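Undergrad: this is a predicted model, with the sequence first.
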Amino acid sequence: MVLCPVIGKLVGKRVVLASASPRRQEILNCAGLRFEVVPSRFKETLDKTLFPMPYEYAMETAKQKALEVANRMNVKDFRPPDVVIGADTIVTVDGMILEKPADKRDAYNMLSRLNGKIHSVFTGVAIVHCSSKDMHLKTEVFEFYEETKVKFSDLSEELLWEYIHSGEPMDKAGGYGIQALGGMLVEYVHGDFLNVVGFPLNHFCKKLVELYYPPPKDAIHHVKHDSIPSVETFEGLSDEEFGSSNSALQNATCKLEGESASSSEATESLGKKEIGQHEMGEPVVKCSKDMENLTKFPSPLVELLDGFKASKAMFVACKLKVFDLLKGKAILKTKDVADHINASVCGTERLLDSCTALELLKKTKQGYSNTELADKYLVSDSENSLHGYIMHANDHVWPLFTHLESAVREGTNQNHRAFEKKAQDLFQDSYYHSMETKLRFMNAMDSVIKLTGRDVATAFDLSKFRSACDLGGCTGALAQVLIQEYPNLKVTVFDLPNVIENVSCFQPTGQDTSRITFTSGDFFKDNIPEADLYILSRVLHDWPDDKIDALLSKISYRCKPGCALLVAEIVLDEEKIDPLRAVLQSLSMTEGKQRSNSEYKQLLEKYGFTQVQTKITGNFLDAILGFKKTAHTVN
Ligand SMILES: C[S@@+](CC[C@H](N)C(=O)[O-])C[C@H]1O[C@@H](n2cnc3c(N)ncnc32)[C@H](O)[C@@H]1O
């Protein structure tokens, strides 16, 4: 239930709390806010001496926490959330800022400083509104702080230590938690209690009012519509009106003359308050923005409803090479584009307009041209082109997803329905069943690694390894990055014979590839080459447990103590609901599955790899590294 009408302003928006604090989550949850939690990775290490006032430090830290999350999510999800909320709580006493204690001794020092005295608790809050254009994040930051004074009783050493040994002080600013055992230390509080807990809810709601309910404008603005006379609207009803129990009011849609409902019907449903004076003989309907929001089609659902149309529009424009035609500074009229792509003028116009609405093209009087985003990623021969991956999505993934309902009902891959061919082996029978599909798949893999390979290769320091073997290394795109990053490394790319036969057309010109060797074989049946470092990039998620067992047993057997296995996959969160692209990818129902960090760790440990570390890169693929401890025996 949404208790506070201003919180309702955030309904339908993707709101993220950039804080791991369970107390902040609880306060905002209780207020009825729906949000995701993405703890910030911003280190709280700003130089305190740069801030004349302690609350300035708290506000800056809150802002940096929120911005870090907004940036990370923009890169990860290719679009930012709508709102990110950051907060930072500090305690100040005798001009000193106290944050979370590092250990028990630190907690003792802090609590001794507070003992018997009045101190201030400041929480800085940043509300960051996000948007993005061509993947460039734009932010608007609104900040505030709240101060609460707290008086500690005179406490004995024994009590202080007893409290410290309870473990409660460790993750709390100032070393105490007022909402739990720490409440016993406090004589009185002046100000907002929840601010001491970690989040000044009252001030937050006031800030939302300020942001979303600007004072009513004297000016009434005119709404223009082709088929109806211009009418006037007021913006911003009061909270009271917004929260009115009159359900007819809440459910009412603004009805204007010329629309199907008569004005008397409108008067009835909206009540007198909503129907204004007649000016110049025209009815004036006062329609608050809040009511619009309540009755508006929820935007996240609109995005989901239309998402498939947007994807397909981009796929088709790529397939017809529209972006290739408009590459660089080219500007073309509809007719010219239609002629070049051999398509109808009316169909081409609709496609070009849709791509413009999707911000892939720009439209001016002179014609259509590529946006920066399209030039960089959608032109088929650009350095960072995702064209290959998009064609794979169009020609392979799309048909599979048209049978999603059957996939869910039957719990199986839908190759037989989508391609009229049962796939015993995903690669031989599906991706590689013709030269065309094989090259398309190889192109898709190549294009993704060109964009993410560097992050995988540098997720860990691999400089101590002299030889690597990229199992299922496909075109050798990751091998290319590895030899550039590590001058002493030689890489063997191991893949199926019909892949290795075709790698030559993917090799970069003018680069030294002498440290890369291509070897063909089947990693389930054949011996795998010897190496210090084995790599499995996007291999494990494709196979069922028995195949994984065969492959990892073989690698473990070949891998000498001190040597390592590097896995590149999208790592799911422990709840397996994030990142979205991995969750959705699993719907195509290959026999394999996506895994969480703890599952990858367990899997690697099962096959004799220790010190397993994971790096979430923030790019398309994450990296997991484990070291072989002792020789593993294959059963
Ligand atoms: C999903 S692709 C990943 C390619 C590449 N590692 C990457 O991350 O872009 C899986 C690769 O494993 C290869 N592969 C599949 N089955 C194989 C097998 N039995 N032996 C060797 N390679 C195999 C495929 O040919 C393909 O190149």
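TA: Looks like it arrived, so ask away.

Undergrad: wasn't residue 566 part of a helix?
TA: No: counting by DSSP: H, G, I helix; E, B strand; the rest coil, one finds residue 566 to be strand, located in no helix.

Undergrad: for the closest residue to the ligand within the stretch 1-150 of the chain, pull up the helix or strand it's in.
TA: Nearest residue of the stretch 1-150 of the chain to the ligand: residue 76, at 18.2 Å (Cβ to the nearest ligand atom). C-beta coordinates here come from the backbone N, C-alpha and C atoms, glycine included. Per DSSP states H and E, residue 76 falls inside helix 54-77.

Undergrad: and the angle for the next helix or strand after that helix with helix 54-77?
TA: Using DSSP H and E, the helix or strand that follows helix 54-77 in sequence is strand 83-93. Angle of strand 83-93 versus helix 54-77, following axes from the mean of the first three to the mean of the last three Cα atoms, to 10 degrees, is 150 degrees.

Undergrad: what's the helix or strand that strand 83-93 is followed by packed up against?
TA: Going down the chain from strand 83-93, the next helix or strand is strand 96-98, by DSSP H and E. Strand 96-98 is packed against strand 83-93, helix 104-114, with contacts defined by 3 or more Cβ pairs under 8 Å, 6 or more residues apart in numbering; DSSP states H and E.

Undergrad: tabulate these (JSON lines), appending mean neighbour count, mean pLDDT and distance to the ligand.
TA: Formatted as JSON lines, the helices and strands packed on strand 96-98 follow (neighbours: other Cβ atoms under 10 Å; pLDDT from 0 to 100; distance: least, Cβ to the nearest ligand atom, whole Å):
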{"stretch": "strand 83-93", "mean neighbour count": "25", "mean pLDDT": "94", "distance to the ligand": "31"}
{"stretch": "helix 104-114", "mean neighbour count": "18", "mean pLDDT": "92", "distance to the ligand": "45"}
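
Undergrad: among the ones you listed, which is nearest residue 512?
TA: Taking Cβ to Cβ, strand 83-93 is the member of the helices and strands packed on strand 96-98 nearest to residue 512, at 44.4 Å.

Undergrad: one step back: tally up the residues packed near the residue of the stretch 1-150 of the chain closest to the ligand, please.
TA: Residue 76 has 20 neighbours, counted by other Cβ atoms under 10 Å.

Undergrad: one more: residue 409?
TA: Neighbours of residue 409 (other Cβ under 10 Å): 9.

Undergrad: which SS state does it fall under?
TA: Under three-state DSSP, residue 409 comes out as helix.

Undergrad: now residue 535
TA: Under three-state DSSP, the three-state class of residue 535 is strand.

Undergrad: now the helix holding residue 76: buried residues?
TA: Across helix 54-77, burial judged by 16 or more other Cβ atoms under 10 Å covers 54-76.

Undergrad: just the strands in the stretch 301-450 of the chain please.
TA: All strands of the stretch 301-450 of the chain, identified by DSSP state E, counting those that start in this stretch, fall at 361-364, 367-370.

Undergrad: what sits closest to the residue of the stretch 301-450 of the chain found nearest the ligand if chain neighbours are left out?
TA: Closest to the ligand within the stretch 301-450 of the chain is residue 445: 3.6 Å, counting by Cβ to the nearest ligand atom. Spatial nearest neighbour of residue 445, chain neighbours left out: residue 474 (4.7 Å); criterion: Cβ to Cβ, 6 or more residues apart in numbering.

Undergrad: ditto for residue 390
TA: That would be residue 318: by Cβ to Cβ, 6+ apart, it lies 4.8 Å from residue 390.

Undergrad: cool, and residue 596?
TA: residue 572 (4.5 Å).

Undergrad: now residue 207
TA: Using Cβ to Cβ, 6+ apart, the nearest residue to residue 207 is residue 144, at 5.4 Å.

Undergrad: what do you get for residue 112?
TA: Distance criterion Cβ to Cβ, 6+ apart; nearest residue to residue 112, sequence neighbours excluded, is residue 160 at 6.8 Å.

Undergrad: so that neighbour belongs to a helix, correct?
TA: Yes: under three-state DSSP, residue 160 sits within a helix.

Undergrad: which residues are in contact with residue 545?
TA: Applying Cβ atoms under 8 Å, 6 or more residues apart in numbering, one finds that residue 545 lies in contact with no residue.

Undergrad: and the pLDDT at it?
TA: Residue 545 is assigned 96 on the pLDDT scale.

Undergrad: hmm, back to that, neighbours of the residue nearest to residue 207, just the number please.
TA: By the criterion of other Cβ under 10 Å, residue 144 has 18 neighbours.

Undergrad: okay but residue 201 is in contact with residue 24, surely?
TA: No: using Cβ atoms under 8 Å, residue 201 is not in contact with residue 24; the gap is 9.6 Å.

Undergrad: which ones are touching the residue nearest to residue 390?
TA: Counted by Cβ under 8 Å, 6+ apart, residue 318 has contacts 378, 380, 387, 390-391, 394.

Undergrad: what's the closest non-adjacent residue to whatever residue of the stretch 351-500 of the chain ends up closest to the ligand?
TA: Distances between the stretch 351-500 of the chain and the ligand by Cβ to the nearest ligand atom are smallest at residue 472, namely 2.6 Å. Distances taken as Cβ to Cβ, 6+ apart put residue 539 closest to residue 472, at 4.3 Å, once the chain neighbours are dropped.

Undergrad: I'd like the distance between the one you found and the ligand.
TA: Separation of residue 539 from the ligand (Cβ to the nearest ligand atom, to the nearest Å): 5 Å.

Undergrad: am I right that that residue is in contact with residue 471?
TA: Yes: at 6.4 Å, residue 539 and residue 471 qualify as touching, with contact defined as Cβ under 8 Å.

Undergrad: now the common contact residues for these two.
TA: residue 551.

Undergrad: what's the residue lying closest to residue 628 once chain neighbours are set aside in contact with, if anything?
TA: Nearest residue to residue 628 in three dimensions, chain neighbours excluded: residue 559, at 4.3 Å (Cβ to Cβ, 6+ apart). Contacts here follow Cβ under 8 Å, 6+ apart; on that basis residue 559 touches 534, 565, 608-609, 628, 632.

Undergrad: what about 10 Å?
TA: Counting by Cβ atoms under 10 Å, 6 or more residues apart in numbering, residue 559 touches 469, 528, 530-534, 552, 565, 607-609, 626-628, 631-632.

Undergrad: among those, name the ones in helices.
TA: The helices, defined by DSSP state H, take in residue 552 from the contacts of residue 559.

Undergrad: can you tell me which of the contacts of residue 559 are in strands?
TA: The strands in this structure, assigned by DSSP state E, contain 469, 533-534, 565, 609, 626-628 from the contacts of residue 559.

Undergrad: reformat those as CSV; add neighbour count.
TA: Below are the ones in strands among the contacts of residue 559 laid out as CSV (neighbours: other Cβ atoms under 10 Å):
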residue, neighbour count
469, 26
533, 22
534, 27
565, 23
609, 26
626, 24
627, 17
628, 25
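
Undergrad: also near the ligand: which of these, exactly?
TA: Among the ones in strands among the contacts of residue 559, no residue lies close to the ligand (Cβ under 6 Å from any ligand atom).

Undergrad: from those residues, pick the one nearest the ligand.
TA: residue 469 (11.1 Å).

Undergrad: contacting residues for the closest one?
TA: By Cβ under 10 Å, 6+ apart, the residues touching residue 469 are 479, 490-494, 517, 519, 523, 528-536, 555, 558-559.

Undergrad: change it to 8 Å
TA: For residue 469, the contacting residues are 491-492, 494, 528-531, 533-535, by Cβ under 8 Å, 6+ apart.

Undergrad: count of residues packed around residue 365?
TA: 6.

Undergrad: so what's it scoring on pLDDT?
TA: At residue 365, pLDDT is 94.

Undergrad: isn't the residue of the stretch 351-500 of the chain closest to the ligand up against residue 521?
TA: No: counting by Cβ under 8 Å, residue 472 does not reach residue 521; the two are 10.8 Å apart.

Undergrad: good, wrapping up.
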